[in-house]
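Student: next input, structure requested:
(4 chains)
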There are 2 protein chains.
Amino acid sequence: MNSTAHMQSSLGNIDGAPAASACNLCIVRKITMCSVLNDEEIQQMSDISDDISYQPNEVVCTEGETAKYMFNVRSGCVRISKMLPDGRRQIIGFLFAGDFFGLSTGGGHSYSAEAIIDINLCRMSREKLFENFKKLPSLGEKILDMSQANLNDAADKMLLLGRKNAKEKLCSFLSAMSKKSAQNNEIPDDKIYLPMSRSDIADFLGLTIETVSRQFTILANDNIIAMDKSPTIELLDLERLKLIASGE
Amino acid sequence: MNSTAHMQSSLGNIDGAPAASACNLCIVRKITMCSVLNDEEIQQMSDISDDISYQPNEVVCTEGETAKYMFNVRSGCVRISKMLPDGRRQIIGFLFAGDFFGLSTGGGHSYSAEAIIDINLCRMSREKLFENFKKLPSLGEKILDMSQANLNDAADKMLLLGRKNAKEKLCSFLSAMSKKSAQNNEIPDDKIYLPMSRSDIADFLGLTIETVSRQFTILANDNIIAMDKSPTIELLDLERLKLIASGE
DNA sequence: CGTGCATTTGACCACCTTCAATAAAGGTGG
DNA sequence: CCACCTTTATTGAAGGTGGTCAAATGCACG
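Tutor: Predicted structure coming up:
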């Protein structure tokens, strides 16, 4: 059921590459939950999934809405967030290739998901996915594993939000993004790609955009980072960045 | 392998009750992960679990330490927390009867766990638990389900820590505790039992003890709560409490 | 009844927010 | 390709919420 959507990386088009149409050719097959499935098993995932793309700021799902699908990120960057009635927003996380969202039950999605840049998602019926757990026990185990990793990350995030100051928060964020950068992509090791706006970063860290901006300036003045133009910044002193991030 | 440890509820001794020694008699059987297992299946859990108790402030496990066991809370109240090198602490959660912790992998426990009051735990080998997933697929599914619920709670907690003010934080906490009170225990519906110290509450909400104390006073002056003596407080206006908690 | 710890209350201060202005970046049409 | 407009980011000044420091009160336990 997979469409032949045009694949593109989060850091630029890979024009000329053949568009994958089935799970066995999926560009994130080895880094998602599907990594535990062999060529035969993965065919069963093709049968329950399809391919869907969104443009910047398009909404994939909304907090509270009935959760019919679960999503794997193939390319791009997704933000998942929660809001208070008066509009205050908390970004729960930024998701990249290989991450998933929309699994949790309880009568509806517990957060909203929006595209930050062009994204390509693998969408699968939650109902059919749960059926597949019976046939593919390793899949359920893998998802449990990934969920537990997400819980660890969530605990780190609570420590950050509850107990770190503005500088430590931003350094933690940059340090984490540097780790993600190292895995994926095509930019130098000492640079990181930040597709999200200052407003997104602020709502992720529990700060205002002004405070985030000021802290960027301070880190640049301290020669810990350098502000490249566009969506990348340069990490001049990753060692010190991590030290500040952990609170000395 | 279960010992015949003396069972006691978090709200008082149940002296004279027979001490359960096997999982089929477990006092939290119906509210834990084990609720999905029938009498035959649950025998396999008895074989891999034992019973262990701790006194107030005793440490069950420590952040970073190799995770050999996983724990179900039978009675009492456990705090799980993370610390920064300089001693700043964030409490990730308070766990009560039916909750579990210590499942997550990744080379060690991702947080510390300590008893707040006398606790009784069901301890099981992680290794053997994972083996049981093969034989008891419903168990793995149930744990995945509970993990996803924990992830939803974690997202709520991030919204609280990142975007709510002191008053909203405390009201959120009291509202959540009221929900837990409603499930379990032997105290009236309009009262809640708070076994944890002001310091614990502060470190849970990302505040100081002084701020927590001041907010308690304000809520009492506004006739939203009444400060009973000892570890209970009275909720005079749950409606308004919830309204403040959600940010209007 | 005195000691020790937890909690409450008070006064002051700092970090981050709010409000406001300026600068830079991005997109559209001439 | 540049002018114009909109959006986003930076910088500045003032204010407030919650933190820090300190003292007083309450409470449990010997």
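Student: do the host helix or strand of residue A:176 and DNA strand C meet?
Tutor: Counting by DSSP states H and E, the element that carries residue A:176 is helix A:166-184. Yes - using Cβ under 7 Å from any atom of the strand, helix A:166-184 reaches DNA strand C at A:166-167. For the C-beta atoms, the positions are set from N, CA and C on the backbone; glycine is no exception.
Student: near DNA strand D, anything from the helix or strand that comes right after that helix?
Tutor: Where DSSP H and E defines the elements, the next helix or strand beyond helix A:166-184 is strand A:191-193. No - with Cβ under 7 Å from any atom of the strand as the criterion, DNA strand D is not reached by strand A:191-193; the gap is at least 13.5 Å.
Student: other SSEs contacting strand A:191-193?
Tutor: Secondary-structure packing of strand A:191-193 (3 or more Cβ pairs under 8 Å, 6 or more residues apart in numbering or on different chains; DSSP states H and E): helix A:166-184, strand A:232-235.
Student: so what secondary structure elements neighbour the last one?
Tutor: Think strand A:232-235. helix A:166-184, strand A:191-193, strand A:225-226.
Student: one more time with 7 Å
Tutor: If you count contacts as 3 or more Cβ pairs under 7 Å, 6 or more residues apart in numbering or on different chains; DSSP states H and E, strand A:232-235 packs onto strand A:191-193, strand A:225-226.
Student: domain assignment for chain A?
Tutor: Each domain of chain A is listed here as a residue range: A:23-157, A:164-245, per automatic domain parsing.
Student: picking that back up, can you put the helices and strands packed on strand A:191-193 in JSON lines and add mean pLDDT and distance to residue A:104?
Tutor: Converted to JSON lines, the helices and strands packed on strand A:191-193 look like this (pLDDT from 0 to 100; distance: least, Cβ to Cβ, whole Å):
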{"stretch": "helix A:166-184", "mean pLDDT": "91", "distance to residue A:104": "22"}
{"stretch": "strand A:232-235", "mean pLDDT": "94", "distance to residue A:104": "33"}
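Student: nearest to residue B:66, out of these?
Tutor: helix A:166-184 (23.0 Å; Cβ to Cβ).
Student: which parts of that closest one are buried?
Tutor: Neighbour counts over helix A:166-184 (16 or more other Cβ atoms under 10 Å in any protein chain shown) mark A:166-178, A:180-181, A:184 as buried.
Student: quick check, nearest of the residues you listed to residue A:225?
Tutor: Set against residue A:225, the nearest of the buried residues of helix A:166-184 by Cβ to Cβ is residue A:174 (7.0 Å).
Student: give the contact list for that closest one.
Tutor: A:192, A:225, A:235, A:241 (Cβ atoms under 7 Å, 6 or more residues apart in numbering or on different chains).
Student: what mean pLDDT does the host helix or strand of residue A:219 get?
Tutor: Taking DSSP H and E as the definition, one finds residue A:219 inside helix A:209-221. For helix A:209-221, mean pLDDT rounds to 97.
Student: report whether it contacts chain B.
Tutor: No - residues of helix A:209-221 are not located near chain B by Cβ under 7 Å from any Cβ of the partner chain, the shortest gap being 12.7 Å.
Student: then stretch A:26-33?
Tutor: No - judged by Cβ under 7 Å from any Cβ, stretch A:26-33 and chain B are separated, with a smallest distance of 11.7 Å.
Student: how about the backbone phi and psi for the spatially most central residue of chain A?
Tutor: Centroid-nearest residue in chain A, with Cα atoms, centre = their mean: residue A:95, separated by 0.7 Å. Residue A:95 adopts backbone torsions of phi -110, psi 140, taken as degrees, to the nearest 10.
Student: next: residue A:138.
Tutor: phi -60, psi -30.
Student: got it, and residue A:81?
Tutor: According to degrees, to the nearest 10, residue A:81 has phi -150, psi 160.
Student: what parts of chain A come near DNA strand C?
Tutor: That would be A:165-167, A:206-208, A:210-211, A:214, A:229-230, which are the residues of chain A within reach of DNA strand C (Cβ under 7 Å from any atom of the strand).
Student: filter these by proximity to DNA strand D?
Tutor: Answer for the residues of chain A next to DNA strand C near DNA strand D (Cβ under 7 Å from any atom of the strand): A:210, A:214.
Student: which one of the residues of chain A next to DNA strand C is nearest residue A:127?
Tutor: residue A:206 (35.7 Å).
Student: the closest one is in contact with residue B:165, isn't it?
Tutor: No - using Cβ atoms under 7 Å, residue A:206 is not in contact with residue B:165; the gap is 11.7 Å.
Student: of those two, give the one with the bigger neighbour count.
Tutor: residue A:206 (23 against 12; other Cβ atoms under 10 Å in any protein chain shown).
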